[in-house]
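Q: Predicted model, plus sequence, below.
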Amino acid sequence: MNIILLGPPGAGKGTQAKILEEQHGLKQLSTGDMLRAAIAAGTEVGKKAKAIMDRGDLVSDDVIIGIVADRMDQPDIKAGVTFDGFPRTPAQAEALDGMLAGRKQKLDAVIEMKVDDEALVERISGRYTCAKCGKGYHEKFAPAKKAGVCDSCGGTEFTRRPADNEKTVRDRLQVYNKQTAPLVAYYAAKGNLHVIDGMADITRVTGEIGAVLKKVKG
Ligand code: AP5
Ligand code: MG
């Protein structure tokens with residue numbers, strides 16, 4: 001099964017994609033995480049992407065489609081993928097259609113997570129991540145059980161993304177509304193769009209996504 005989590009920055013795509021990986025075995029394919037890994041490794045892609053990401057713009061379609069196509073050829077994702085943060089433009093959506101068709105796969109559901117703008121700013125401003133295992137937290141909505149210690153791996157160092165400030169979040173929202181929101185109509189026309197309330201708490205959102213997966217499995 002292949003699904004897309006579609007939603008603005010801070011909607012909870014990464015949070016839910018990790019849960020889907022644990023509960024349903026769908027591999028998280030996050031283009032944002034892949035780009036951050038490329039920056040950390042100092043690759044050519046990372047060098048090109050860093051300044052663009054810091055100001056909240058989109059990395060070029062060619063670069064993104066290239067890294068996704070490479071990832072799709074790896075054997076661990078045959079059982080299914082949750083696309084998190086991809087596609088983000090009509091050109092990326094069309095490229096994904098081609099990649100899936102070429103691999104005799106299909107898209108089972110596109111889940112749009114709707115969240116109010118002010119909630120997005122609050123979510124992103126309070127986000128932090130374990131530097132060792134990458135588990136995501138929020139100061140208010142999803143804090144570590146023991147302050148300063150990761151629930152999953154016991155790590156004690158945490159990071160924040162350079163672009164996680166109010167100004168950049170608002171810029172990213174504009175980019176989303178202009179370049180990514182048209183995908184809602186694209187997938188609605190194909191008949192595989194499902195809209196869920198991303199304002200609910202994390203457990204409820206997981207339940208809503210689970211209900212969609214059950215429905216599309218038939
Ligand atoms: P990317 O990493 O994809 O960032 P994003 O789409 O802006 O989304 P975020 O990761 O910020 O939010 P999320 O929806 O995953 O929310 P999360 O689960 O963390 O992209 C970063 C950059 O890379 C882009 O700006 C662009 O430059 C580039 N890029 C990436 N993909 C690209 C592409 N395809 N094309 C071109 N450029 C690309 O949750 C946020 C916080 O809220 C967390 O603290 C979490 O604990 C909390 N939270 C989650 N759910 C809830 C809930 N239900 N209630 C309360 N709190 C919650
Ligand atoms: Mg994310």
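A: Okay, I see it. Ligands and ions are numbered 1, 2, ... in the order given.
Q: and the residue of the chain nearest ligand 1?
A: When you check the chain against ligand 1 by C-beta to the nearest ligand atom, the closest residue turns out to be residue 32, at 1.9 Å. Glycine gets a C-beta too; all of them are placed from N, C-alpha and C.
Q: list the contacts for that residue?
A: Listed by C-beta atoms under 8 Å, 6 or more residues apart in numbering, the contact set of residue 32 reads 14, 53, 84-85.
Q: next one: residue 158
A: Going by C-beta under 8 Å, 6+ apart, the list of residues near residue 158 reads 128-131, 137, 148, 150.
Q: Go through those and flag which are in strands.
A: Of the contacts of residue 158, the ones assigned to strands by DSSP state E are 128-130, 137.
Q: can I get these in JSON lines with distance to residue 159, neighbour count and pLDDT?
A: JSON lines is the format used below for the ones in strands among the contacts of residue 158 (distance: C-beta to C-beta, whole Å; neighbours: other C-beta atoms under 10 Å; pLDDT from 0 to 100):
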{"residue": "128", "distance to residue 159": "7", "neighbour count": "18", "pLDDT": "96"}
{"residue": "129", "distance to residue 159": "5", "neighbour count": "19", "pLDDT": "95"}
{"residue": "130", "distance to residue 159": "8", "neighbour count": "21", "pLDDT": "96"}
{"residue": "137", "distance to residue 159": "11", "neighbour count": "17", "pLDDT": "97"}
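Q: Which members of the residues you listed additionally contact ligand 1?
A: Checking these against ligand 1 by C-beta under 6 Å from any ligand atom, the ones in range are residue 137.
Q: what sits opposite the residue sitting furthest away from the middle of the chain in the beta ladder?
A: Distance from the C-alpha centroid of the chain peaks at residue 146, with 26.4 Å (C-alpha atoms, centre = their mean). With beta bridges defined as DSSP bridges, residue 146 has these partners: residue 149.
Q: So for it, what's the pLDDT?
A: Confidence at residue 146, expressed as pLDDT, is 97.
Q: same check, this time on residue 162
A: pLDDT recorded at residue 162 is 88.
Q: Kindly report the same for residue 174.
A: pLDDT, residue 174: 96.
Q: got the contact list for the most centrally placed residue in the chain?
A: Central residue check for the chain by C-alpha atoms, centre = their mean: the C-alpha nearest the mean position is that of residue 84, 2.8 Å away. The neighbourhood of residue 84, defined by C-beta under 8 Å, 6+ apart, consists of 5, 13-14, 17, 28-33.
Q: Among these, which one has the most neighbours?
A: Each of those was scored by neighbours using other C-beta atoms under 10 Å; the highest score is residue 5's, at 27 neighbours.
Q: pretty sure it is in a strand, no?
A: Yes: note on residue 5: a strand contains this position according to DSSP: H, G, I helix; E, B strand; the rest coil.
Q: So residue 184 versus residue 43, what's the distance?
A: Using C-beta to C-beta, to the nearest Å, we find residue 184 at a distance of 32 Å from residue 43.
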